[in-house]
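**Q** pasting the sequence and the predicted model now:
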Amino acid sequence: MRFPFLLLVTALVACMSVTACHHGGKKCKKDSQCCTGLSCRWDGDAKGHKTCQE
């Protein structure tokens with residue numbers, strides 16, 4: 001019983017790490033963190049935060 005459970009958890013973690021990207025409005029530090037079609041840009045606030053934007 002333990003083996004299938006660990007296999008399932010491992011598969012889910014691997015899948016999540018491959019598809020992880022920031023969607024629009026999420027904080028970022030560089031373009032590669034944003035999903036396809038978005039880039040990491042200054043969001044206009046005084047603190048200098050960057051978010052993924054079109």
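**A** Ah, there it is.
**Q** how close does the residue nearest to Q33 when sequence neighbours are not counted get to G48?
**A** Sequence neighbours aside, H22 is the residue nearest to Q33 in space, at 5.2 Å (criterion: C-beta to C-beta, 6 or more residues apart in numbering). Glycine gets a C-beta too; all of them are placed from N, C-alpha and C. H22 sits 17 Å away from G48, going by C-beta to C-beta, to the nearest Å.
**Q** surely the residue nearest to Q33 meets C34?
**A** Yes - H22 is within contact range of C34, at 5.1 Å (criterion: C-beta atoms under 8 Å).
**Q** re earlier: neighbour count winner among H22 and G48?
**A** Comparing H22 with G48 by neighbour count (other C-beta atoms under 10 Å), the higher total belongs to H22, at 17 against 8.
**Q** now the more buried one, what are its backbone angles?
**A** Torsion angles at H22 (phi, psi; degrees, to the nearest 10) stand at phi -90, psi 130.
**Q** next: S32.
**A** The phi/psi pair for S32 (degrees, to the nearest 10) is phi -60, psi -20.
**Q** then T10?
**A** Dihedral angles (degrees, to the nearest 10) for T10: phi -60, psi -40.
**Q** what's the answer for R41, then?
**A** Torsion angles, degrees, to the nearest 10, at R41: phi -130, psi 160.
**Q** so what's the residue nearest to it when sequence neighbours are not counted bridging to?
**A** Leaving out its chain neighbours, the residue that sits closest to R41 by C-beta to C-beta, 6+ apart is Q53, at 4.9 Å. Taking DSSP bridges as the rule, Q53 bridges to S39.
**Q** what segments of this protein are helices?
**A** In the chain, the helices defined using DSSP state H lie at 2-19.
**Q** return the helix or strand in it with minimum mean pLDDT.
**A** Within the chain, no helix or strand scores below helix 2-19, which has a mean of 69 by mean pLDDT, DSSP states H and E.
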